[in-house]
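Trainee: fold the following, please.
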Amino acid sequence: MTDHARPTLVIFQGGISTSSPLESLVGNAQAAATLDVLAAASASGAFDRTILVTEMDALSSAISNLGNLAVTVERLSAGGKSRFHFGESLLSICKKHGLERVVYVGGGAMPLATARDMADLALAVSGEGQCVTANSLYSADVVALYPTSALERIELPTADNNLAWLLHYKAGLPFAPMPRTLATQFDLDTPTDLATLWWSSQSSPLDTLVGVHLSEALQSVPQELPELAQRVELAYQVMATRRAEILVAGRVSSWVWRRLETNLPCETRIASEERGMRAGGREERGEVRSLLGLYSDLAGAAGLVKAIEQVCNAAFIDSRVLFAHRNLKPSAQDRFASDALLPEQINDPWVREFTEAVMASSIPFLLGGHSLVSGGVWAMSERVRESA
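Mentor: Take a look at the predicted model:
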């Protein structure tokens, strides 16, 4: 890789919400993961420079204390009348620093990345041809692109999920998917992501992949999320049992299904639906339709849970698809409290009813977002395979 072709790493790590302890817990873990990603990028030697966009004073101080990381910190305003706009901020950073080749990593993304993983990302946009690559075309939080002028040919997105989709289909950049590895597919977005990673990293092969900062943050999971931690362990036991059966429902990729079939002794039932609901705009337009959601419309939340009990011994549910099916927009507090199995902290009536039904179930349910049914279940399956 020639010097002039080395890209710039740009990481966006927002502030830590203090609205609830659960949001603070996830935010602190994301900040810890960001430090580990920065360390991996520095060790790779593959980037021309690194820019961290954040509003966190503590994170900026932690970087300076590390000493060996050359990072430019760009501040985000924590207040003011205007709300944060992801696309406009990314374009502004690229123009300000004259960037042509960029690897973008969202806060909490790629917490398992090694120096080799970061070097591979840099290599993806170090050639002569224009391109965009991402860990998911439909829901990306890691995107490498060249040239950045393509950002001026699209309607800039407010969030990173559909950035790769827009650059490919609207700006015309050729798309190539990133290698489907656990490093590119695992993301820290929810309490369930913390719990699945905590459990999976208790033994090989993940115990050597979690960085020192995130490893320290994960140690609080059993105390902060006791009910969820217990359900994760129960679900793991089902995954490791021959002739048992798990259900994985939501935005599940065929690649994850193949990994589960390879890693697990149990049977796997997949209900894959509504992939790309955000990138394609279906969620925003109220067009999301879920088979599980349609069943819940007829039988109620408790009826859906009872039906799932009849077909599996443990369930991993991407609950955001169910929420979108019902045109619900629960707050982060409600989503996280549902994931953490704390219905008394949920304001939305249906989300609370569904969570209560899950807690009363005779089988372990894990609730979460896209990462649960991609990196989360995959990470747990790696521990099963290693144990076997």
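Trainee: got the buried residues for the helix or strand harbouring Ala41?
Mentor: Take DSSP states H and E as the rule and Ala41 turns out to sit in helix 21-44. Burial within helix 21-44, assessed by neighbour count using 16 or more other C-beta atoms under 10 Å, is assigned to 22-23, 25-42, 44. All C-beta atoms are positioned from the backbone trio N, CA, C, and that covers glycine.
Trainee: now do the next helix or strand after that helix: everything it contacts.
Mentor: The C-terminal neighbour of helix 21-44 among helices and strands, as given by DSSP H and E, is strand 49-54. Contacts made with strand 49-54 from outside it, assessed by C-beta atoms under 8 Å, 6 or more residues apart in numbering, are listed as 8-15, 34, 38, 41-42, 59-60, 63, 69-76, 89, 93, 97.
Trainee: can you name the residues that contact the spatially most central residue of the chain?
Mentor: The C-alpha lying nearest the average C-alpha coordinate of the chain belongs to Asp187 (C-alpha atoms, centre = their mean; 3.0 Å). Taking C-beta under 8 Å, 6+ apart as the contact definition, Asp187 lies against 106, 108-111, 141, 193, 370-371, 374-375.
Trainee: what backbone torsions are found at it?
Mentor: Backbone dihedrals for Asp187, given as degrees, to the nearest 10, come out at phi -140, psi 140.
Trainee: so what's it closest to, chain neighbours aside?
Mentor: With C-beta to C-beta, 6 or more residues apart in numbering as the measure, Ser371 is the residue that lies nearest to Asp187, at 4.2 Å, once sequence neighbours are left out.
Trainee: confidence score at the one you found?
Mentor: At Ser371 the predicted local distance difference test score is 94.
Trainee: so who does it touch?
Mentor: The neighbourhood of Ser371, defined by C-beta under 8 Å, 6+ apart, consists of 185-190, 193.
Trainee: and Gln185, by the same measure?
Mentor: Under the criterion of C-beta under 8 Å, 6+ apart, the contact list for Gln185 reads 135, 256, 371, 374-375, 378.
Trainee: now do stretch 92-109: distance from first to last residue.
Mentor: One end of stretch 92-109 to the other measures 22 Å (C-alpha to C-alpha, to the nearest Å).
Trainee: now do that stretch: distance to the chain's middle.
Mentor: Average the C-alpha atoms of stretch 92-109, do the same for its chain, and the two points are 19 Å apart (C-alpha atoms, centre = their mean, to the nearest Å).
Trainee: pLDDT of it, averaged?
Mentor: Looking at stretch 92-109 alone, the average pLDDT works out to 95.
Trainee: show me which residues of it are buried.
Mentor: If you call a residue buried by 16+ other C-beta under 10 Å, then stretch 92-109 has these buried ones: 93-94, 99, 101-109.
Trainee: likewise stretch 335-351?
Mentor: By neighbour count with 16+ other C-beta under 10 Å, stretch 335-351 contains the buried residues 335-343, 345-346, 348, 350-351.
Trainee: now for the residues you listed, which pair is the farthest apart?
Mentor: Among these, the pair separated by the greatest distance (C-beta to C-beta) is Ala340 and Trp350, at 17.4 Å.
Trainee: any low-confidence regions in the chain?
Mentor: By pLDDT under 70, the weakly predicted segments of the chain are 1-4, 65-69, 76-82.
Trainee: how is it carved up into domains?
Mentor: Split into domains by automatic domain parsing, the chain comes to 3-184, 190-387.
Trainee: list the beta-bridge partners for Glu74.
Mentor: Legend: beta-bridge partners of Glu74 under DSSP bridges are Val53.
Trainee: could we number from 821 for the rest of this?
Mentor: Sure, I'll start counting at 821 from here, so that last one is Glu894.
Trainee: that one: what's it in contact with?
Mentor: By C-beta under 8 Å, 6+ apart, the residues touching Glu894 are 871-874, 913.
Trainee: do the same with Asp980
Mentor: Asp980 sits next to 832, 906, 924, 926, 960-961, 963 when contact means C-beta under 8 Å, 6+ apart.
Trainee: 10 Å instead, please
Mentor: When the contact criterion is C-beta atoms under 10 Å, 6 or more residues apart in numbering, the partners of Asp980 are 832, 906-907, 910, 924-927, 929, 954, 959-963.
Trainee: Asn1147 in helix, strand or coil?
Mentor: Per DSSP: H, G, I helix; E, B strand; the rest coil, the local secondary structure of Asn1147 is coil.
Trainee: partners of the residue nearest to the centre of the chain in the sheet?
Mentor: With DSSP bridges applied, Asp1007 shows beta-bridge pairing to Ala929.
Trainee: what do you get for Tyr966?
Mentor: Cys951.
Trainee: tally of neighbours for it?
Mentor: In terms of burial, Tyr966 registers 24 neighbours under the definition other C-beta atoms under 10 Å.
Trainee: try the one 3 residues further on
Mentor: Here the number of neighbours of Ser969 (other C-beta under 10 Å) works out to 14.
Trainee: quick one, phi psi at the closest residue to it other than its chain neighbours?
Mentor: Counting by C-beta to C-beta, 6+ apart, Ser969 lies nearest to Glu920, which is 7.8 Å off, once chain neighbours are set aside. Dihedral pair for Glu920: phi -110, psi -40, per degrees, to the nearest 10.
Trainee: how about Ser909, what does it touch?
Mentor: Taking C-beta under 10 Å, 6+ apart as the definition of contact, the neighbours of Ser909 are 830, 832, 873, 894, 896, 976.
Trainee: and the gap between it and Tyr966?
Mentor: Taking C-beta to C-beta, to the nearest Å as the measure, Ser909 falls 19 Å from Tyr966.
Trainee: got it, and Gly1188?
Mentor: Taking C-beta to C-beta as the measure, Gly1188 falls 33 Å from Tyr966.
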